[in-house]
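Asker: Take this sequence and fold it.
(2 chains)
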Amino acid sequence: MADLGIYSLRLALFLCALGLGVGVYAGVTRRDEWTQVAERALLIVCAATSVAMGALFYALATNDFSIAYVAQHSARTMPLHYRLGALWGGQAGSLLLWGWMLTVYGAVAVVGNRSQNRRLMPWVCVALLANVGFFLILNNFVSLPFEARPLSEGHSDGIGLNPLLQHPVMMIHPVMLYTGFTGFALPFSFAFAALVTGELGTTWFRTTRRWTLFAWSVLSVGIMLGGRWAYEVLGWGGYWAWDPVENASLMPWIAGTAYIHSVMIQEKRDMLRTWNIVLIGLTYGLCLFGTFLTRSGIVQSVHAFTNSDSFGRIFAAYVILMLSGYVIALLFRLRSLRSPNKLESVLSREAAFIINNWIFMALLFVVFVGTMFPVFTEMAGGVRRILGPPYFNTFAGLLALFLLVLTGVGPLIAWRQASFASLRRQFVVPACVGLVVTAGILLRFGTAPGYWAIACWGLAGFVLTTVGQEYGRAIGARMRRLDESAFTALTTLLQRNQRRYGGYIVHAGVVVLLLGVSGAAFNEEKIVNVRPGDWAELADFRFHFLTADAIPAQHYGGAKARLALFRGEDPLAVMTPEKRFYWLEQQPNSIPSIYSSWREDLYVILTALEPDGSATLKIYHNPLVNWGWAGGGIFVVGCLIVLWPHPERAATRAGGTPA
Amino acid sequence: MSKGLQIALGVLAIAGLLGWYGYSQLGREDLSLQYFQTLDEFHQNAPAMVGRTARVHGYVALSSIERDVDGGRVRFSVQNTPPHAGGPVGETLSVDYLSLEVPDLFKDGAEVVVEGALEARAGENVFVARNVMAKCPSKFQAQTAPADEASIEL
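Answerer: Numbers count the residues shown, from 1 in each chain, chains lettered A, B, ... in the order given. This is a model prediction of the structure:
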């Protein structure tokens, strides 16, 4: 199996280089038969890397510990699904996954454009193959997934996966992030092709729109799942800590979100041509930068970035090479990228979207500076300084409120120039609802929640009312005019205009998610030391500590505490936080027990069993945290509505209009 | 008023608001803190560091962990080099961690980063920590892959 993997990776690299050369030739000579050769090369590279993926999966499934990667990231005692998940548990496997996903998107582009965009395709292939090639170089020469384990090490049953990663979410979270990251390679490649060929109209982003939205949606969900994993595994009662690893995935998301908004302006009004090209380059660049950040350890590691880290240097060289190629192509086309249309009024949807873009860029700046601050301050010759969560919460929080305002305003304000009457028609009711909600919060809680939570609730009232108003008006109009039932009206609405009405649902999901975040203003936590029979209290809940027992031994052992949870006098649940010890990995791991309701979570960690027989517990009361996850669910529904393939549209697409 | 001027005014308004807000927040003590990669670096700066928030990197000295369950705190000391590797211990730093909640990986010899501030107490400087972070022990990975640092992979 190892040999199969090694040789298919070599074949893939060889064909990749070949396809790259042929692609450039086809692009320069504009000969379609050569373009087809480059496309086939891309398809075969996809097939070959798929074989390598299959070989690694097979080796993990069959416990082939003669392969070093398998021995280091898997173990005979681990259940099958975690053994398979170990494919992205380490560097070599993750890079293989990245490269493979790029080839799959490449195959999608090739198959979908057999009879269209023929002038763009050679350059699309070139851009994709250049990216794939880099990962194949890494997998062939630097970070080898199929490297044999030295015989001198003797028998091995594998040293296992980091226990923190042995969680169901970790089976899909990294895959979703990579699906998102690599997905942005498609619009990036088409933008590059547009720059090289000079076909700078709307084709490049219209062709890739569905896949861009798909990548963006999957990346969003991947980030949220990462938060869920942190909440359930890391045991500190929170889901987002502004850690460099988290920021690394958030930065491309911010740029990508700005992009999917600003291309709408180009689509409708043919403005912002240059800006969109810049933005998709920035987005894909940040995807690479994020991977570099987490893989090179430049920020995350407690050790400084050292020159011995060849991986970091190679990756940095690749990112710089890729982006400078793009920027040079961009500079050559700068004149032809001038947009024919200008902004007509500040009171218009274009302006709202442009402001939205500025705020996203400001947010990106805030996150970037915060993440890289230790590196900057050290380069400036001083001690490393760190900007902690208070910095991010202060600045990103404020910008998020601005974005929330625009979430309500942007989709409703008229194109070109909004009249005063239209503003009144659209915004009087939502603004009143927002004010009423704010007043209600102030009356009920006073200023205790802090300005952010209060503003968040007021604005959420405003935005959700705009969404409801849009749906209500559209459904009402259909019911009156076409005599449809409310349900039929709703479903046809979603079918006819899936992007607009799906988009509203996505917005509603984000709003509900932010409401979940606002609950953090009321978080409470405490540490208690209890003996069996003791009671502990937090908020209006009481915990009765019953026992702590040994866990039946498996690939881990440890202790499980039992607590009865009461609200006042009413029994609610038995909570069982665990303290596990993973034998093979020699690593302890605390598993929290979480009691969830729509109002709040109670979250208990068994911190320690003390020598005197008592137990130290950490308990958290996290109000509204489940609104965050619910918001994520609404978000997914919205994305599905936007992306749902539609039979009629598919038919027209086949007829020649690009999707 | 031209569109360009309107936009410029809008940008100025937003930038001004952010700038003012940022400026008003900059004085906050918890916003940024200094990070010392070695204990020696920290010791060199120690007189100036009393009362200022910092993060210090080091290793838990062998058998120095004392859990004070009644007092709700953990005391330990940190040294510059991994104790399992042998070598000179050097100057240590006494840490008073104001919580019983230590990370899973916290134990003798663990690589830790402590966050808090130095406090002068009865002739001795004690680092009062409000946060303790532990890294995966490199021992676990070093058995087979010395170069590969154990870290949470994205």
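
Asker: all contacts plus neighbour counts: C-alpha atoms, from now on.
Answerer: Fine.

Asker: which other residues reach the longest strand seen in chain A?
Answerer: Looking across chain A with DSSP state E, the single longest strand is strand A:556-567. When contacts are defined by Cα atoms under 8 Å, 6 or more residues apart in numbering or on different chains, strand A:556-567 is touched by residues A:540-551, A:571-583, A:606.

Asker: Quick check on the residues you listed: which are buried?
Answerer: A:541-546, A:548, A:574-583, A:606 (16 or more other Cα atoms under 10 Å in any protein chain shown).

Asker: Break down chain B into its helices, ranges please.
Answerer: B:3-26, B:39-49, B:138-142 (DSSP state H).

Asker: circling back: quick one: distance of the longest strand of chain A to the chain centre.
Answerer: 33 Å (Cα atoms, centre = their mean, to the nearest Å).

Asker: Check which residues of that strand are buried.
Answerer: The neighbour-count check on strand A:556-567 (16+ other Cα under 10 Å) flags A:Tyr556, A:Gly557, A:Gly558, A:Ala559, A:Lys560, A:Ala561, A:Arg562, A:Leu563, A:Ala564, A:Leu565, A:Phe566 as buried.

Asker: Quick check: nearest residue in space to the fifth one, chain neighbours excluded?
Answerer: Read that as A:Lys560. A:Glu578 (4.3 Å; Cα to Cα, 6 or more residues apart in numbering or on different chains).

Asker: Just to be sure, which of the buried ones among the contacts of strand A:556-567 are found in strands?
Answerer: A:541-546, A:548, A:574-575, A:578-582, A:606.

Asker: which among those residues gets closest to A:Asn139?
Answerer: The closest of these to A:Asn139 turns out to be A:Tyr582 (Cα to Cα; 30.4 Å).

Asker: my guess is the closest one meets A:Asn162, correct?
Answerer: No: with contact defined as Cα atoms under 8 Å, A:Tyr582 does not count as touching A:Asn162 (9.3 Å).

Asker: Output the below-cut-off pLDDT ranges for the stretch 551-659 of chain A.
Answerer: A:647-659 (pLDDT under 70).

Asker: what residues does it put near chain B?
Answerer: Selection of the stretch 551-659 of chain A residues close to chain B by Cα under 8 Å from any Cα of the partner chain yields A:Glu585, A:Gln586, A:Gln587, A:Pro588, A:Asn589, A:Ser590, A:Thr607, A:Ala608, A:Glu610, A:Thr616, A:Lys618.

Asker: Next: chain A.
Answerer: Checking chain A against chain B by Cα under 8 Å from any Cα, the hits are A:72, A:89-91, A:162, A:164-165, A:174, A:245, A:294-295, A:302-303, A:343-346, A:383-391, A:395, A:527, A:529, A:585-590, A:607-608, A:610, A:616, A:618.

Asker: For A:Ala38, give me its contacts.
Answerer: Per Cα under 8 Å, 6+ apart, neighbours of A:Ala38: A:Leu18, A:Gly19, A:Leu20, A:Val22, A:Gly23, A:Ala26, A:Pro122, A:Cys125.

Asker: That should have said A:Leu250, apologies.
Answerer: A:Ile223.

Asker: Now B:Val95. Nearest residue, chain neighbours left out?
Answerer: Nearest to B:Val95 is B:Phe127, by Cα to Cα, 6+ apart, at 4.7 Å.

Asker: before we move on, back to that, can you list which of the residues of the stretch 551-659 of chain A next to chain B are found in strands?
Answerer: Applying DSSP E to these, the entries found in strands are A:Gln587, A:Pro588, A:Asn589, A:Ser590, A:Thr607, A:Ala608, A:Thr616, A:Lys618.

Asker: Among those, which one has the most neighbours?
Answerer: A:Thr607 (27 neighbours; other Cα atoms under 10 Å in any protein chain shown).

Asker: wouldn't it be in contact with B:Ser99 here?
Answerer: No: contact criterion Cα under 8 Å: A:Thr607 and B:Ser99 do not qualify, at 10.7 Å.

Asker: Flag the shaky bits of the chain, pLDDT-wise.
Answerer: This is for chain A. Ranges of chain A meeting pLDDT under 70: A:295-309, A:647-659.

Asker: other chain: chain B
Answerer: B:1-4, B:22, B:25-31, B:85-87, B:136-154.

Asker: what residues are up against the residue nearest the centre of chain A?
Answerer: Residue closest to the average C-alpha location in chain A (Cα atoms, centre = their mean): A:Leu219, at 2.9 Å. By Cα under 8 Å, 6+ apart, the residues touching A:Leu219 are A:Met176, A:Leu177, A:Tyr178, A:Thr179, A:Gly180, A:Phe181, A:Trp253.

Asker: What segments of the stretch 451-600 of chain A are strands?
Answerer: Using DSSP state E, counting those that start in this stretch, the strands of the stretch 451-600 of chain A run over A:524-530, A:535-538, A:541-550, A:556-567, A:570-575, A:578-582, A:587-591, A:593-596, A:600-609.
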